[in-house]
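Trainee: Here's my sequence, what's the structure:
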Amino acid sequence: MQLASAKTGVCLASRRSRVARCTVMASTKASAKITVTRTPPEDKLKALGVRSWPTWGCGVSKFPWTYQETETAYLLEGEVTVTPNGGEPVEIRAGDLCVFPAGMSCTWDVRKPINKHYDFS
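Mentor: Numbering: from 1, shown residues only. This is a model prediction of the structure:
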């Protein structure tokens, strides 16, 4: 059952689950997309081994960043807006699983201090 659909995202909910699964994408070109999965199921996190990944955090700040490798991250705390160069801003918050593609340059605007698990591939 589809709950909402927009140019930048789709939210789905199953009849068995009260938790919506949302995916939000932003890009500067077809190959450079930030993918955000809101409230991923615990079995997906376990399958990825998220809890064994290293952690990184930072306080409220704004800085440019370029991804040399694809990064998958799971936010434990905080809130950030990541804006790909020439693209639309993407809101990421605690509980989100996100993928940042290799080669993407962006600006991080950390509005609430973040702590995340991360993995580069």
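Trainee: residues near D43, how many?
Mentor: Here the number of neighbours of D43 (other C-beta atoms under 10 Å) works out to 8. Where C-beta positions appear, they are placed from N, C-alpha and C, glycine not excepted.
Trainee: mind showing which ranges of the chain have poor pLDDT?
Mentor: 1-32 (pLDDT under 70).
Trainee: most residues in a single strand of it, which one?
Mentor: Longest strand in the chain by number of residues, with DSSP state E as the criterion: strand 105-120.
Trainee: buried residues in it?
Mentor: Neighbour-count burial for strand 105-120 flags 106, 108-110, 114, 116-119 (criterion: 16 or more other C-beta atoms under 10 Å).
Trainee: now swap in stretch 72-91 and tell me
Mentor: 72-75, 78-84, 87, 90-91.
Trainee: For T83, give its distance to L48.
Mentor: Using C-beta to C-beta, to the nearest Å, one obtains 26 Å as the distance from T83 to L48.
Trainee: repeat for S121
Mentor: 11 Å.
Trainee: Now for those two: what residues contact both?
Mentor: Counting by C-beta atoms under 8 Å, 6 or more residues apart in numbering, the common neighbours of S121 and L48 are T72.
Trainee: and those two? which has more neighbours close in?
Mentor: The neighbour comparison of S121 against L48 (other C-beta under 10 Å) goes to L48, with 16 against 8.
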